[in-house]
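Chemist: Need a 3D model of the sequence below.
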Amino acid sequence: MNHREEIRSTEVQDAATESAVLQQVLALHPTVVTLAELIREIGEGDGDAVERAVRDLAGAGLLHRSESFVLPTRAALRFDELLGG
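Modeler: Below is the predicted model:
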């Protein structure tokens, strides 16, 4: 695998982790989850990937992170509603 393929592979894995994190947070809402819970449920041995996903989703305005809690934003909840969630 060359360098470009490795970068692409990492991008695909990161996007999959972001998707899994967002779906889990939305599915559990209004239950509040912690970052540690998400890592246990989704991490598959890679807690750093889950932490990056939470950080990136928060940066995109889809999650709030307060202390150790992770919550969906109103925008994420509305999007989920529009998709029939």
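Chemist: okay, which residue is most central for this structure?
Modeler: A centroid search over the chain (CA atoms, centre = their mean) returns residue 21, at 2.9 Å, as the residue closest to the centre.
Chemist: so it makes contact with residue 49?
Modeler: No - under the criterion of CB atoms under 8 Å, residue 21 makes no contact with residue 49, lying 9.1 Å away. C-beta here means a position set from N, CA and C on the backbone, and glycine is covered the same way.
Chemist: picking that back up, and for the residue nearest to the centre of the chain, nearest residue in space, chain neighbours not counted?
Modeler: Using CB to CB, 6 or more residues apart in numbering and skipping the chain neighbours, the partner closest in space to residue 21 is residue 53 (4.4 Å).
Chemist: mind checking which helix or strand that neighbour is in?
Modeler: helix 47-59 (DSSP states H and E).
Chemist: just checking, next helix/strand downstream of that helix?
Modeler: Assigned by DSSP H and E, the successor of helix 47-59 is strand 63-66.
Chemist: circling back to that earlier point, so what's the residue nearest to the centre of the chain up against?
Modeler: Listed by CB atoms under 8 Å, 6 or more residues apart in numbering, the contact set of residue 21 reads 38, 42, 50, 53-54, 57, 63, 70.
Chemist: Now the lengthiest helix in the chain: buried residues?
Modeler: Looking across the chain with DSSP state H, the single longest helix is helix 3-28. Within helix 3-28, the residues that count as buried by 16 or more other CB atoms under 10 Å are 17-18, 20-22, 24-26.
Chemist: and the angle from it to helix 47-59?
Modeler: Angle, helix 3-28 to helix 47-59, by axes from the mean of the first three to the mean of the last three CA atoms, to 10 degrees: 70 degrees.
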